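S.K.: below is the sequence, then the predicted model.
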Amino acid sequence: MSALTLISDPNTAMALLPEFTLVVGVVLMIVVPNLGNGTFRLPIPNTNIRLPYFFGGERFSFNSNPRVPGIISVTTLLFSTSLALWSQMSTPIADSNVWCITTAGEAFASCEGMVDASLLQIDGFSRLLEIVFYGALMLCGVAMWSRMPATPRFMIHAQVLAGRREDERIQKLLDNRRQVDFHLMLLMVALGMSVVALASDLFVMFIGLELASLSLYVLVAFMKENEEAPEAGMKYFILGSVASAVGLYGISLLYLWNGNLQISDLASSWQAMETIDPLALTGIAFLLVTIGFKVSAAPFHLAAPDAYTGASSPVAGVLSTASKAMGFVVLLRVLVTITMPESGEAFWVPIMGLLAAVTMTWGNFGALGSENPKRMLAYSSVAHAGYLLAAVTALGLNVAREGDHVVSELIVAAMLFHLTVLVLFKLGSFLVFSMLESEGKGSKLEDLYGLAKREPLLATALFVFMLALAGVPPLSGFLSKLLLVSGIVDATVHSTMNFDDGIIATLKSIHWVFYLALLVFLNSALSLFYYLRVGWVMFFEEPPTKKRLVYAPFLRITIMLALVGTLAFGIGPLADHLLTLVSNAAETFFA
Amino acid sequence: MIPPMYLASLGAILFCIGLMGVFTNKHGIIVLMCVELMLNAVNLNFVAGALHYGDVTGWVFASIAIAIAAAEVAVGLAIFLAVFSSRETINLDEVTLLKH
């Protein structure tokens, strides 16, 4: 019943159009590179009738090109992104375009009063996150286009040295396989991430999380020909699998507590509790370990710098943007949707505040002390996780003033805005590093020396990305940080406050979460040092060589697009559009 | 029938053994086995919940959790193989190229 209904119900098909596109992409990825002129002989004795079978045999000219898998994955992701964007744009009102998909595979226009349990919920919030995920993965796919050597270079050298060259056709086939592996995993990550964004059941969410993270472990370890990548993959895998096992145990405790893993049901059970049940509390705490690993929050971030350094740059970019956004979705769903009390502070505010402070400070000091630019970016992404955690802490204050959720909505909108524009400048800077990487450089600060003299445009782009990461106006990084800080201030400082009793008394009366906003400022100032150092070495040091970097036209165009986005989303009409989009998404999150 | 409480307690014990094994062992394969132990604790919990609430979904969760565990082992062993082919070791203390 279910599989058939999924396709025959037009509402479901419409609501899940981006995901179905991804599935079609996966199938194409498996089928197209294998098409060939293979035939099979009918098993009739004394005859030789052969029927075309189209699999195997000698492949056609259009699909023996090693770039075919890349084309398929980038096109699929482009389609999915546009579909998600289109469904967002065509219904600008926040609470329309909501679909609830049940276990029976039927879609309902509202999540109230359904017979079956709901599995997936499509609304503005999840659509926006889909756009972020697919966009980031698409950039990664484009970057890999010219990044991934068609053949492991050492193998070609070995063969040339040994005086024997493998048949070119076989080599092409091997290259094609390698590309298929990579891009198939990329599409799987996209599928898993969108399941996380859509899920309205904790277990479904966890399956999506596992699908995305298992594929990401492979992607991190993918470049087997250098020694760092498998090691990075191994470290990331071990910490990740332990973290997810702990999280799954937490989910099973929540199941023991509630007998049901529906997020809405868990939320109402949590509201109904008079004192906090230790079983439920342990469950949530264990779940936080997984989330902490995903967003690379302080005590669980230890694998992140290694993973980012060892992985190829585009994959590291995905880890620091899409994967982090996925972690924050789960965090919002668990902490805000499930455990937020009707009124008053949530119990996790002190823990989250401490985590936020430690994470952002540790991240920034780590970045100050690292000589490897990729490692520096990894630590800077830990710091950014700290800023977002500070916003989550402010959410936990649960300020209720005139209007229901105005302050909370502002904070969620700020977080979403930050996660969206982060794709542009963080992934953008990783893309610039990936150009350096394709000539075997990029793991030392010296590799950036004099980049402005070799590649003025790329160096300018990287410099702008760094400024955006530091939060310099008028770039989009500034706007996102401004929104985050103003959200925290809004939640802590009341407009009725006056300074009649003297400044000290007023400062004492402010909630301590306010000081997290100050800490964000201090940390941003600190981070300017290491971001500007990159700019300094690019513009004022002598380059070791005058040679230009690899040609890679698509990658260059993508970097330029990211640059334009970084500038355009900071100020002007495009920024307004994006703000409308994220505030609609935030509104539906609380609906 | 075994009371669900016993199953959940066994699950808790297994989970603790697994977690301790993860922190005390340095061999990749043993760490992987300890993670499996933790995932089996999860299965026991789901089964205990299913028995307690008379709810079918608990069984479904348990069977899907087994599939997740299998997928995790497949990915993990593949990565360990890639490490082993270049280092000849998968001891976590000796795989330290990136530490700086």
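M.R.: Sure, I can see it.

S.K.: hey, let's count contacts and neighbours off CA atoms from now on
M.R.: Noted.

S.K.: where do the strands of chain A begin and end?
M.R.: Ranges of strands within chain A are A:39-41, A:50-52, A:99-102, A:107-108, A:118-122, based on DSSP state E.

S.K.: can you tell which of these is closest to chain B?
M.R.: Comparing the strands of chain A against chain B with CA to the nearest CA, the closest turns out to be strand A:118-122 (12.6 Å).

S.K.: that closest one packs against which elements?
M.R.: With contacts taken as 3 or more CA pairs under 8 Å, 6 or more residues apart in numbering or on different chains; DSSP states H and E, strand A:118-122 sits against strand A:99-102, helix A:168-198.

S.K.: quick one on the thing from earlier: which stretch in the strands of chain A is the model least sure about?
M.R.: Among these, strand A:107-108 has the lowest mean pLDDT, at a mean of 78.

S.K.: mind giving me a markdown table with the strands of chain A and columns for mean neighbour count and distance to residue A:478?
M.R.: Converted to a markdown table, these look like this (neighbours: other CA atoms under 10 Å in any protein chain shown; distance: least, CA to CA, whole Å):
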| stretch | mean neighbour count | distance to residue A:478 |
| --- | --- | --- |
| strand A:39-41 | 13 | 61 |
| strand A:50-52 | 12 | 60 |
| strand A:99-102 | 24 | 34 |
| strand A:107-108 | 22 | 40 |
| strand A:118-122 | 24 | 30 |
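
S.K.: look up the closest residue to the residue in the stretch 451-591 of chain A that chain B sits nearest to, ignoring the ones flanking it.
M.R.: Distances between the stretch 451-591 of chain A and chain B by CA to the nearest CA are smallest at residue A:530, namely 17.4 Å. Leaving out its chain neighbours, the residue that sits closest to residue A:530 by CA to CA, 6 or more residues apart in numbering or on different chains is residue A:368, at 5.7 Å.

S.K.: confidence score at residue 55?
M.R.: Defaulting to chain A. For residue A:55, pLDDT reads 79.

S.K.: not quite, go with chain B.
M.R.: pLDDT, read off for residue B:55, is 86.

S.K.: does it count as helix, strand or coil?
M.R.: Classification of residue B:55 using DSSP: H, G, I helix; E, B strand; the rest coil returns coil.

S.K.: quick check: buried residues in stretch A:560-578?
M.R.: A:560, A:562, A:563, A:565, A:566, A:567, A:568, A:569, A:570, A:571, A:575, A:578 (16 or more other CA atoms under 10 Å in any protein chain shown).

S.K.: and the residue nearest to residue A:530, how far is that from residue A:446?
M.R.: Going from residue A:368 to residue A:446 by CA to CA, to the nearest Å gives 16 Å.

S.K.: one more: residue A:406?
M.R.: 48 Å.

S.K.: the more surrounded of these two?
M.R.: residue A:446 (20 against 16; other CA atoms under 10 Å in any protein chain shown).

S.K.: contact residues of the stretch 251-400 of chain A facing chain B?
M.R.: Proximity of the stretch 251-400 of chain A to chain B, by CA under 8 Å from any CA of the partner chain, involves residues A:252, A:253, A:255, A:256, A:259, A:306, A:309, A:310.

S.K.: wait, doesn't the first one sit right on residue B:41?
M.R.: No - using CA atoms under 8 Å, residue A:252 is not in contact with residue B:41; the gap is 9.1 Å.

S.K.: who touches residue B:36 in this structure?
M.R.: B:18, B:69 (CA atoms under 8 Å, 6 or more residues apart in numbering or on different chains).

S.K.: for the helix or strand it falls within, the distance to its chain's centre please.
M.R.: Per DSSP states H and E: residue B:36 is located in helix B:28-53. Put simply, helix B:28-53 sits 7 Å off its chain's centre (CA atoms, centre = their mean, to the nearest Å).

S.K.: stretch A:97-115 too?
M.R.: The chain centre lies 27 Å from the centre of stretch A:97-115; the measure is CA atoms, centre = their mean.

S.K.: same question for stretch A:87-107.
M.R.: 22 Å.

S.K.: buried residues, that stretch. List them.
M.R.: By neighbour count on 16+ other CA under 10 Å, the buried set for stretch A:87-107 is A:87-88, A:94-95, A:97-102, A:104-107.

S.K.: end to end, how far does that stretch reach?
M.R.: Distance across stretch A:87-107, first residue to last, is 16 Å (CA to CA).

S.K.: any part of that stretch near chain B?
M.R.: No - using CA under 8 Å from any CA, stretch A:87-107 stays clear of chain B, with a minimum separation of 11.2 Å.

S.K.: residues making contact with that stretch?
M.R.: By CA under 8 Å, 6+ apart, stretch A:87-107 touches A:1-3, A:5-6, A:9, A:11-12, A:15, A:108-111, A:116-124, A:127-128, A:584-585, A:587-588, A:591.

S.K.: and what of stretch A:270-287?
M.R.: Contact with stretch A:270-287 is made by A:246-254, A:257, A:334, A:338-339, A:341-342, as judged by CA under 8 Å, 6+ apart.

S.K.: and with 6 Å instead?
M.R.: A:246, A:247, A:250, A:251, A:253, A:254 (CA atoms under 6 Å, 6 or more residues apart in numbering or on different chains).

S.K.: in that stretch, what counts as buried?
M.R.: Within stretch A:270-287, the residues that qualify as buried are A:270, A:279, A:280, A:281, A:282, A:283, A:284, A:285, A:286, A:287, counting by 16+ other CA under 10 Å.

S.K.: filter the residues of the stretch 251-400 of chain A next to chain B down to the ones in helices?
M.R.: A:252, A:253, A:255, A:256, A:306, A:309, A:310 (DSSP state H).

S.K.: I figured the fourth one hits residue B:49, correct?
M.R.: Yes - distance between residue A:256 and residue B:49: 4.9 Å, which falls inside the contact criterion (CA atoms under 6 Å).

S.K.: more neighbours: those two, which one.
M.R.: Set residue A:256 next to residue B:49 and count neighbours by other CA under 10 Å: residue B:49 wins out with 29 against 25.
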